[in-house]
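# Build me a model from this:
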Amino acid sequence: MKKNKSREEFSVNSKDLQTRFESTLNSFGLETAWIEKKTIKDGKSDRTHPSYKITLPNDLSIPEVLLEIYGEFGKDSLVIESEEKSAGGKSFLTLKENNLTRLTAEFNYGKNVKRERGDLAFIIRNIELDNIDDSLLVETADKFNVMFTPSEENLSYLPYIVENRKSYSVIIGDEISESNYKLDASYSLLRISNVIKALSVDFANASFFIIDENFDFYNSDKFKYFNTELEKRGINLYKLSDFILFDNKGSISENFNRLVKDLRKGELKILVLSKNDYLQLKPEISLYKKAGVRIINISEI
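Have a look, this model is predicted:
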């Protein structure tokens with residue numbers, strides 16, 4: 001009979017190997033029921049090793065999971081072998097060391113398996129479209145909505161925003177300086193009507209028209225007329241508080257993680273945040289996206 005080799009001869013002990021493998025799988029938000037595990041005895045070495053059968057949802061590719069496994073164990077003294085048994089379907093993975101099988105796994109897709117973690121959408125404020133760094137952000141493949149105050153300059157950037165597959169929203173508040181878009185409680189109804197026409201025509205494809213409740217005009221007797229006239233044009237006016245607002249209170253990462261962990265199946269949460277907060281959260285956003293949380297464009301709602 002062949003003599004069993006000691007655990008010390010392996011670069012990773014069996015317990016750590018399984019923990020790291022399962023942690024890699026769990027990072028994709030897989031349900032426990034989708035991962036089957038058993039112990040198999042190797043007839044040649046008389047050793048046992050864990051064997052997994054993993055069912056993946058169709059929105060998560062087998063190569064994507066295998067790539068993560070390669071990244072996790074690539075620096076260890078392990079030989080990683082994978083084989084696709086059918087095109088775009090069942091695949092097998094084997095981890096070996098010292099010519100001994102340490103772990104095996106079978107991956108396949110399940111017809112009725114879905115990751116349902118809810119959806120997130122982002123509205124980013126304070127983007128300066130004439131700023132090089134901000135324009136590079138707009139040109140990324142990230143899905144988000146650009147919020148800006150109405151102005152002739154921002155109007156000129158609309159083709160650029162659309163070309164980069166982004167949507168936009170208009171924020172109405174006291175930061176508006178140009179007379180054709182500016183609102184004030186002292187204005188006549190005729191002047192307010194002209195502003196409404198300019199807003200509804202120039203920014204006709206806005207995802208949202210949003211008003212800041214701290215704007216004095218919002219609390220004036222002219223606001224009802226403004227809102228009613230927008231409704232006649234098929235435009236729903238939203239309050240800034242209708243969305244989830246991120247501010248400087250507490251840790252932005254902690255607040256975001258708490259919010260996503262509370263995200264229910266089929267739920268959509270729309271966040272309004274500054275470009276700096278968005279950039280700070282990008283690592284967390286990537287992790288949750290990997291785990292099955294969908295990041296959607298406002299236009300998909």
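# Sketch out the low-pLDDT regions of the chain for me.
Along the chain, segments meeting pLDDT under 70 span 1-8, 247-249.
# can you list the domains in the chain?
Here the domain parsing of the chain from automatic domain parsing is 7-109, 119-300.
# After the lengthiest helix in the chain, which helix or strand is next?
Counting residues, the longest helix in the chain under DSSP state H turns out to be helix 275-290. Counting by DSSP states H and E, the element after helix 275-290 in chain order, helix or strand, is strand 294-295.
# which helices and strands sit right next to that following strand?
strand 119-125 (3 or more Cβ pairs under 8 Å, 6 or more residues apart in numbering; DSSP states H and E). All C-beta atoms are positioned from the backbone trio N, CA, C, and that covers glycine.
# Remind me what the strand it packs on packs against, helices and strands.
Looks like strand 119-125 contacts strand 145-148, strand 268-274, helix 275-290, strand 294-295 (3+ Cβ pairs under 8 Å, 6+ apart).
# most tightly surrounded among those?
strand 145-148 (a mean of 24; mean count of other Cβ atoms under 10 Å).
# buried sites along the helix or strand following that strand?
Next along the chain after strand 145-148, taking DSSP H and E as the criterion, comes helix 152-156. Under the neighbour-count criterion of 16 or more other Cβ atoms under 10 Å, helix 152-156 has Asn154 buried.
# Kindly format the C-alpha coordinates of helix 152-156 as PDB.
Extracted in PDB, the C-alpha atoms of helix 152-156 (Å, rounded to 0.1, in the frame of the first residue of the first chain):
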ATOM      1  CA  GLU A 152     -27.200  76.800 -22.400                       C
ATOM      2  CA  GLU A 153     -23.800  75.200 -21.800                       C
ATOM      3  CA  ASN A 154     -25.300  72.000 -20.400                       C
ATOM      4  CA  LEU A 155     -27.800  71.900 -23.200                       C
ATOM      5  CA  SER A 156     -24.900  71.800 -25.600                       C
END
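# What sits closest to Gln280 if chain neighbours are left out?
Ranked by Cβ to Cβ, 6 or more residues apart in numbering and with sequence neighbours excluded, the top spatial neighbour of Gln280 is Ile252, at 5.9 Å.
# still on that earlier bit, name the helices or strands packed onto the longest helix of the chain?
Counting by 3+ Cβ pairs under 8 Å, 6+ apart, helix 275-290 packs on strand 119-125, helix 132-138, helix 252-261.
# From Ile270, how far out is Asp242?
8 Å (Cβ to Cβ, to the nearest Å).
# Please disregard the earlier target; I meant Ser14.
46 Å.
# Repeat that for Asp216.
From Asp216 to Ile270 the distance is 26 Å (Cβ to Cβ).
# likewise Asn257?
From Asn257 to Ile270 the distance is 18 Å (Cβ to Cβ).
# neighbours of the residue nearest to Gln280, just the number please.
19 (other Cβ atoms under 10 Å).
# Name all residues that make contact with it.
The contact partners of Ile252, by Cβ atoms under 8 Å, 6 or more residues apart in numbering, come to Phe246, Asp277, Gln280, Leu281.
# which residues does the last one contact?
For Leu281, the contacting residues are Ile252, Ser253, Phe256, Leu273, taking Cβ under 8 Å, 6+ apart as the criterion.
# And for Pro150?
Pro150 sits next to Val170, Ile172, Ile176, Glu178, Tyr181, Ala198, Leu199, Asp202, Phe203 when contact means Cβ under 8 Å, 6+ apart.
# try Asp130
So Asp130 contacts Glu153 (Cβ under 8 Å, 6+ apart).
# What are the boundaries of the strands in the chain?
35-41, 48-56, 79-84, 91-97, 100-109, 119-125, 145-148, 167-172, 208-211, 237-239, 244-245, 268-274, 294-295 (DSSP state E).
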